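Student: Here's my sequence, what's the structure:
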Amino acid sequence: QVQLVESGGGLVQTGESLRLSCAVSGSIASINTMAWYRQAPGKQRDLVASITSGGSTNYADSVKGRFTISRDNAKNTVYLQMNSLEPEDTAVYYCKADLRNYYNYYYSKWGQGTQVTVSS
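Tutor: Okay, here's the model as predicted:
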């Protein structure tokens, strides 16, 4: 069974940093785009950053220059380095991966979410 396991969330103060990780485990043929989303209480889930298998990245305007997404294809892991955190970054952060299995079936999988809280 394929799983996405996230780690690295926590409570920090304004201006501090956190690094989130999301590892994909299980039987998969390939991983295409990997992404981080976040959802604050009472709000919709929004894209934070994404990265293709070739390394092309995309960021939400609100995090450009502060967050960096990267991936280690050998470890099937995606990272989100978050610097200069602000209270507005407080949310549950979700990892998403676009996968292909050995039957050539494409599908998306979500992680369970990790809480990031930034205090002022």
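
Student: Show me what the least confident helix or strand in the chain by mean pLDDT is packed against.
Tutor: Ranking every helix and strand in the chain by mean pLDDT, DSSP states H and E puts strand 3-7 at the bottom, with a mean of 95. Under the contact definition 3 or more Cβ pairs under 8 Å, 6 or more residues apart in numbering; DSSP states H and E, strand 3-7 sits against strand 18-25, strand 91-100, strand 106-110. The C-beta positions use only the backbone N, C-alpha and C, and glycine is treated the same way.

Student: so which of those gets nearest residue 65?
Tutor: Closest approach to residue 65 among the helices and strands packed on strand 3-7 is made by strand 18-25 (16.2 Å; Cβ to Cβ).

Student: That closest one: what's the following helix or strand?
Tutor: strand 30-39 (DSSP states H and E).

Student: sorry, back to before: buried set for the least confident helix or strand of the chain?
Tutor: Using 16 or more other Cβ atoms under 10 Å as the test for burial, strand 3-7 gives 4, 6.

Student: In PDB, please show the C-alpha coordinates belonging to it.
Tutor: Extracted C-alpha coordinates of strand 3-7, given in PDB (Å, rounded to 0.1, in the frame of the first residue of the first chain):
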ATOM      1  CA  GLN A   3       1.700   5.900   1.800                       C
ATOM      2  CA  LEU A   4       2.900   9.500   2.100                       C
ATOM      3  CA  VAL A   5       4.400  10.200   5.500                       C
ATOM      4  CA  GLU A   6       5.000  13.800   6.500                       C
ATOM      5  CA  SER A   7       7.200  15.200   9.300                       C
END
